[in-house]
Structures are given as C-alpha cells and as structure tokens.
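Visitor: Show me how the following folds:
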Amino acid sequence: MYMAPMIRDKAIPLYYQIATVLRERILSGELPSGTLLSGEEALGREYDVSRITVRRALSVLESEALIIRQRGRGTFVGDRPARLEPTRFSGSMEDLIAIGVSTSVRVMSFQTIAAPENVASKLDLEEDEPVVRIDKTRYIEGAPFSIVVNFLPEETGSQLTPDDLSEKPLLVVLEEKLGIKTDEAIQSIEATIASAEAAALLDVRVGDPLLKVERTVFDIENKPVEHVSVLYRADKYFYTVRLKRNRTDEAVGWFTQGLAVDSGSGKTGE
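Guide: Numbers count the residues shown, from 1 in each chain. Next up, the predicted model:
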C-alpha cells in the first residue's frame with residue numbers, strides 16, 4: 001500500500017498536512033478523476049491519525065472542489081484541473097501579449113509615486129523619480145490567480161487610465177494607444193509564500209506557496225518601458241523549461257507557461 005510522506009511539523013495542523021499531501025496526489029494525477037478514495041478509517045490508519053483529523057482534511061479538499069462526497073457511495077476524486085499551456089511559447093513578446101486575452105482584471109489602484117530603488121534601477125531612472133504604479137488582480141473563470149503590480153515611467157503611465165487596462169493587457173495598450181513597440185523582456189522567477197494581504201486577494205491561505213515573476217520590458221530601441229511584479233497561485237500556474245545544448249556546450253532554453261483551470265482553454269496574462 002502506498003504511504004504518502006507526512007511532514008509531521010508540529011507547527012502545522014495534522015489535518016492541513018494530510019490535505020496538502022492528498023491535494024498533491026490529486027493534482028499530480030496519481031489519483032485520477034473518479035478515483036474512489038479510501039474511507040475515513042482506512043485513511044486514518046494510512047496516515048496514523050484520527051478519523052476526525054481525516055474528516056477535517058477531506059472537508060478542505062471538498063471546499064476546493066477536488067473531491068466529491070456521495071452519500072452511500074463514498075468519496076471520489078473530482079475533475080482534476082487540467083494543466084493547460086499555450087501551443088508554443090518561445091519567449092517572444094507576441095506570446096506575452098497573447099496570454100492576457102481570455103482573462104479578466106480588476107484594477108485596484110492607479111497612482112503616481114516616487115520610484116523605489118529597485119524599480120528606478122530597472123527602468124533606468126533616478127531614485128525617487130516619479131513612476132505610475134498600477135495594482136491589479138487577474139481572474140480566470142471568476143477565480144483569482146495573480147496579483148500584478150506594474151511600474152511605468154511617468155511620461156508613459158500618465159497617458160493611461162484604469163479603464164484602458166480593464167479589457168486589454170498592458171502591452172497591447174502600450175502599442176495600440178501610445179505606439180510603443182515592445183521588443184524583448186528580462187524575466188526572473190522564484191518561489192515565495194503568501195502574505196496575509198496576498199492570501200486574501202488570491203483566496204489562498206497565509207503561507208501557501210506562490211510563484212513570483214519579475215519582468216522588465218524593453219522597446220525596439222532597448223529602452224525600458226515597464227517593470228512588472230506578479231504573484232501567481234502555485235496551484236494554478238506553472239512554467240516548463242526545455243533546454244538544448246548548442247555547439248559551445250552552453251544551454252539555451254525555450255519556456256512555456258500555462259494555467260490550471262477547471263475547463264476550457266483559457267490562457268493567462270500579466
């Protein structure tokens with residue numbers, strides 16, 4: 001019988017640890033849709049916990065629509081969110097634009113501030129020089145999956161309005177409204193955890209894993225036009241990297257990105 005690893009961290013409730021392990025088994029495909037889960041008593045033996053603890057863990061998964069309880073029949077794995085990705089993503093700016101089309105966005109704030117040191121450096125500005133900061137939450141199928149913070153030089157951002165960004169990705173607006181043609185971007189990716197504020201906006205728990213993406217976009221004259229910081233729900237978003245050796249034995253890569261959604265073929269955007 002498979003024995004899933006347990007964290008056994010005394011600072012983390014046992015029911016939450018069990019829910020985390022079962023969630024990963026479901027999302028990884030180890031427990032396919034329609035699988036009949038063991039009963040509460042059997043799961044209690046498998047994880048060496050009480051039935052009450054198992055029941056609480058299953059309640060968490062049921063609230064996330066990962067399992068379905070049917071009276072008299074048992075508990076079944078629900079339809080596993082499909083991990084979708086665009087047909088091709090080679091790091092091109094066209095792909096960064098395309099992935100924003102089928103999502104919705106809520107602009108939370110639109111303000112001019114003094115540029116933080118790290119942002120000023122990315123945008124080739126003096127520290128404290130004014131920049132326009134735009135805070136957004138992006139949704140897919142009505143559920144939040146990312147928090148986006150855009151920074152634009154004041155001369156660019158002052159020509160935009162919150163309504164401009166409600167229906168179209170920022171890169172599209174920059175080109176269509178301002179004639180700014182973007183050419184390339186430098187991007188970094190790292191793991192982080194949800195703060196209380198991020199957890200509330202993304203509908204996750206404080207301390208849940210998030211994917212943090214930092215990106216600086218340049219125009220055709222190699223001038224930085226935007227810096228963006230994005231927090232993605234780790235259960236909704238992923239990156240895949242394909243590496244290939246060239247003649248100098250250096251690795252070059254192609255990147256794909258995608259979104260785990262319940263149905264359809266939605267794509268994501270900043």
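
Visitor: Going by C-alpha atoms from here, please, whenever you check contacts or count neighbours.
Guide: OK.

Visitor: If you count neighbours, what's buried in stretch 204-212?
Guide: Neighbour counts using 16 or more other Cα atoms under 10 Å place Val204, Pro209, Leu210, Leu211, Lys212 of stretch 204-212 among the buried residues.

Visitor: For stretch 70-77, buried residues please.
Guide: Of the residues in stretch 70-77, those buried by neighbour count under the rule 16+ other Cα under 10 Å are Thr75, Phe76, Val77.

Visitor: how about a markdown table for the residues you listed, with secondary structure and pLDDT added?
Guide: Rendered in a markdown table, the data for the buried residues of stretch 70-77 read as follows (DSSP: H, G, I helix; E, B strand; the rest coil; pLDDT from 0 to 100):
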| residue | secondary structure | pLDDT |
| --- | --- | --- |
| Thr75 | strand | 93 |
| Phe76 | strand | 93 |
| Val77 | strand | 92 |
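
Visitor: now the residues you listed in CSV, with distance to Glu24?
Guide: What follows is the buried residues of stretch 70-77, written out as CSV (distance: Cα to Cα, whole Å):
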residue, distance to Glu24
Thr75, 17
Phe76, 15
Val77, 12
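
Visitor: So which of these is the closest to Leu27?
Guide: Of all these, Leu27 sits closest to Val77, with 10.1 Å by Cα to Cα.

Visitor: and the residue in the chain sticking out farthest from the centre, what is it in contact with?
Guide: In the chain, counting by Cα atoms, centre = their mean, Gly72 sits farthest out from the average C-alpha position, at 37.3 Å. Residues near Gly72 by Cα atoms under 8 Å, 6 or more residues apart in numbering: none.

Visitor: Could you check how far it is from Gly39?
Guide: In this structure, Gly72 lies at 12 Å from Gly39, with Cα to Cα, to the nearest Å as the measure.

Visitor: So what's the residue count around Glu155?
Guide: Neighbours of Glu155 under the rule other Cα atoms under 10 Å: 11.

Visitor: now swap in Lys177 and tell me
Guide: There are 11 residues near Lys177, going by other Cα under 10 Å.

Visitor: any idea which helix or strand carries it?
Guide: Take DSSP states H and E as the rule and Lys177 turns out to sit in helix 170-178.

Visitor: the helices in the stretch 1-150 of the chain, which residues?
Guide: Secondary structure of the stretch 1-150 of the chain (DSSP state H, counting those that start in this stretch): helices located at 14-27, 40-47, 51-63, 93-98, 117-122.

Visitor: ranking these by mean pLDDT, which is last?
Guide: When the helices of the stretch 1-150 of the chain are compared on mean pLDDT, helix 93-98 scores lowest, with a mean of 46.

Visitor: ok, the closest residue to Pro209 other than its chain neighbours to Asp203 distance?
Guide: Nearest non-adjacent residue to Pro209, counting by Cα to Cα, 6 or more residues apart in numbering: Ile193, 4.5 Å away. Spatial separation of Ile193 from Asp203 under the definition Cα to Cα is 13 Å.

Visitor: Could you do Leu231 as well?
Guide: When Cα to Cα is applied, the distance between Leu231 and Asp203 equals 13 Å.

Visitor: The two: which has the busier surroundings?
Guide: Leu231 (26 against 12).

Visitor: Now do the strand or helix carrying that one against helix 170-178, angle only.
Guide: Element membership of Leu231, judged by DSSP H and E, is strand 224-233. Orientation note: strand 224-233 sits at an angle of 150 degrees relative to helix 170-178 (axes from the mean of the first three to the mean of the last three Cα atoms, to 10 degrees).

Visitor: what about strand 224-233, average pLDDT?
Guide: The average pLDDT for strand 224-233 rounds to 93.

Visitor: Report all helices and strands that it contacts.
Guide: Strand 224-233 sits against helix 117-122, strand 143-153, strand 209-219, with contacts defined as 3 or more Cα pairs under 8 Å, 6 or more residues apart in numbering; DSSP states H and E.

Visitor: Adjacent strands (with direction) for it?
Guide: strand 143-153 (antiparallel), strand 209-219 (antiparallel) (DSSP bridges).

Visitor: and among those, the most buried is which?
Guide: When those are scored by mean count of other Cα atoms under 10 Å, the highest mean neighbour count falls to strand 143-153 (a mean of 23).
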